[in-house]
Each structure stands twice: as structure tokens, then as C-alpha cells.
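K.L.:
Provide a 3D model corresponding to the input given below.
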Amino acid sequence: MRFSDILGLQHLKQHLTTSADNGRVPHAQLFVGPEGCGTLPIAIAYAQYLLCANRNGENTGGQPGCNAKCDKLMHPDLHFAYPVANSGTVKSHAVSDHYIKQWREFIDQQPYGNLFDWYQSIGVEKKQGQIGVDEAHDIVKKLSLKPYEGGYKIMIIWMAEMMNNAAANKLLKLIEEPPENTVLLMVAEDEEQLLQTISSRCQVLHFPPLPEQVIAEGLIKKGSSRDEATQVAHEANGNFNKALDLLLNDSEDLVFEKWFIQWTRTAFKAKGNKAAVHELILWSEEIAKTGRETQKKFLSYCLTLIRQALLLNYRVNELVYINIHQEDFNLQKFAPFVHENNVQPMVRELESAIYHISRNGNAKIVFTDLSIKLTRLLHMKAA
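P.N.:
Down below sits the predicted model:
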């Protein structure tokens, strides 16, 4: 993957290539940015630049053999670590190498993909993956070897915040005192979830969401019309992965939208209505049957929708980017029910539900409790 393949981020590309050309390559770097902004593609392009560039600019020549190996993610000095879980094919002690074939296909097809897309591609979307101590042991072992081609050894750790404490502690010494010519690139969406002892040992580079114009141009190259690309880019809110899903009508948000509408309508009816309360319990049971990653993404979608409704209620329409696709639901009419008296409790309850789902709480109990609380909050009067 070359820098020229990546959307936008010209200032970051310039920073990385200039520092590499001048021989100032930090041994441990942390790329932090929201989903779909290109942190993983730019980490791969940077690794390829370090391994293959002739230091005279863009790595389009000089070492065609090296570039060919990097393009296929088969360079012997380029290693990857990413969240995994046991599956039908990997019964225990799952590590990244068990899924390297699927990883190469995933990067080829969805370089801007998110964690949920990755779990789907390896068939573990109903589980919570992690970067565990077995993975950390493999990372230490790989980086302790000499470079195969005599240059850099590079390890890219994607979604580094999914590293558990045992793995993080095992990597501390490696991050602080790495072998010669070793570069560790960690990619994360939420820096706060990383151990402070890890992030403090890295040079941190923050990535912004992609501008609408950049996303629109990327969609046009994929065959979209300009009008459609402009509309989808606005709704994507800086997330190119979401823009592609919306363009193909393959976004999980379309399913989440239906769940949310059914949920809120039933919650409105549930006050003093036993039949509607029963419907809420049945709805909770259905959501509880899905995977935990799906449940967490749905709750995050609800948080986004609640915040967007509040902006509509306060008439800050220029900051509203979400688009409801179901014609029988009007976000403008829902907005007055999200106000200063209930928005903070709503957000608090949704964030608490995400936490409990992450901690393997009983999903049926979590969603039933959340539904009953949502019913009370939606009926709360504005000031």
C-alpha cells in the first residue's frame, strides 16, 4: 500500500516521509484516530516506505521486489498483531498468525474496515476478541530475530486498545528498549483505553476525521455520482468505511435504525401499558441473541442518534449529519423528547449498558433494564 492510495491526510504523510528521509524514525509510535479515517492504511504505507523507499520521495521505484512483497503483506520483516478469538477452526490460544490469510484478504478488500467487519470476516462476531498474552509472546519472539533483509523490522498492532493487561505488561520492556532497527506501530481508536504505561512510551500521532470533500472524491472514484457521493459523505461524518457501507446499502446502521425505531415507539407506549412492557421484554430478548460486538455497536449508534436529536431540538441543524432512511419515522418529531432534563441520564444509561455488555453481563437483563429506564426518561418533561 502506497501513500498515494490513501485519502487525504497530506500533512501526516509529509510528516512521516520527511522524518523517515531524515533518519528520525521513533522506535514506538501510536497512531490514534476515529474509525474510517485511515490510521491502518497509513501505518501500512509508512511501513512499506521504511522497508522499500529509495529515500528520494514516494516509494514507486527503487525496490520493485520489496514493494511487491509489501503489496501482498508478505514481506518477511513486516509483522501484524490484531484482536482475535477462538473459532470453529482455532479451538484454543488463538493468535494473529492463525488468521493471517483472512487478514490479507481483509486489508485487500476493506482497508478502512472496523473491528466489527474484521470479526465478521473471521466468523467470531458473536465473541469479543482481544490481543492476549499469547500474542504478546509471539510479538516478542518475532522482534527478537534479526531482520531478514537487513533493514527495519516492523510490527503493526491494530486496535491496540484491545490488548489486555497481561499482554501490555509483557510488551513494556520491548517498547522501552527494542532491538536495533525495530519499529513498533500501534494503531488505536481510543487512546484512553490503553494503559498509560504503554501510551507514555510512544510518540503519539493524532488523526482527524476525513473532510467531506475527500470522502466524496473517494466515492466518485468508486463509481458514485457526484450528488450521491456528496450526500453520503455528509452522512458518513468523516468515516470512509461508513460511507462505503452506505453507498452499497450494506451499513449495519440501517439495521440499527430499525431496532431503535421499534424500541423507542414501544417505550412511548409502555407507560401504564402492560402489553407494551411485554413487547419491550421481547425486544430485549431478540437483541440479546445477537453478538456482543453487535450489541455494543447498536448502543453506540443509539448514543449518536440521541445526541443528534438534541442538536435538532436546539436548532443547531448545521451540525446534524445523520439521515433516517425509514420514511415513517421523523427525527425532527422525535427531537423534542430529548432535552436538557433527560439527555444526560440517557447518555449515562447507554454508556453503562455498553460497559456491562463489555464485561460479559447478561444481555437480556441489561437491555430489559435499559428499556424500562428509557421509557421513564422519554416521558420526562422539558424545563
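K.L.:
When you work out contacts or count neighbours from here on, use the C-alpha atoms and nothing else.
P.N.:
OK.
K.L.:
Show the contacting residues for Leu331.
P.N.:
Ala309, Ile324 (Cα atoms under 8 Å, 6 or more residues apart in numbering).
K.L.:
The chain should start at 242 in everything you say after this.
P.N.:
With 242 as the first residue, the last one maps to Leu572.
K.L.:
now it: how far from Leu552?
P.N.:
11 Å (Cα to Cα, to the nearest Å).
K.L.:
now do His597
P.N.:
28 Å.
K.L.:
Just the strands from this protein, written as ranges.
P.N.:
Under the criterion DSSP state E, the chain carries strands at the ranges 269-273, 319-322, 394-399, 423-429, 444-447.
K.L.:
Same list, the ones you listed, but as TSV with mean pLDDT please.
P.N.:
TSV is the format used below for the strands of the chain (pLDDT from 0 to 100):
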stretch	mean pLDDT
strand 269-273	92
strand 319-322	93
strand 394-399	93
strand 423-429	93
strand 444-447	92
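K.L.:
Using TSV, please lay out those strands together with mean neighbour count.
P.N.:
TSV is the format used below for the strands of the chain (neighbours: other Cα atoms under 10 Å):
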stretch	mean neighbour count
strand 269-273	23
strand 319-322	21
strand 394-399	24
strand 423-429	25
strand 444-447	14
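K.L.:
Could you take those strands and lay them out as CSV, with extra columns for distance to Ser337?
P.N.:
Compiled in CSV, the strands of the chain are given as follows (distance: least, Cα to Cα, whole Å):
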stretch, distance to Ser337
strand 269-273, 19
strand 319-322, 6
strand 394-399, 10
strand 423-429, 15
strand 444-447, 24
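K.L.:
Just tell me which of these ends up closest to Leu591.
P.N.:
strand 423-429 (22.6 Å; Cα to Cα).
K.L.:
which helices and strands sit right next to that closest one?
P.N.:
Counting contacts by 3 or more Cα pairs under 8 Å, 6 or more residues apart in numbering; DSSP states H and E, strand 423-429 packs against strand 269-273, helix 280-293, strand 394-399.
K.L.:
would you list these in JSON lines and tack on distance to Glu559?
P.N.:
Putting these into JSON lines (distance: least, Cα to Cα, whole Å) gives the following:
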{"stretch": "strand 269-273", "distance to Glu559": "27"}
{"stretch": "helix 280-293", "distance to Glu559": "27"}
{"stretch": "strand 394-399", "distance to Glu559": "34"}
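K.L.:
Quick one, which of those gets closest to Leu319.
P.N.:
Leu319 lies closest, by Cα to Cα, to one member of the helices and strands packed on strand 423-429: strand 394-399, at 5.0 Å.
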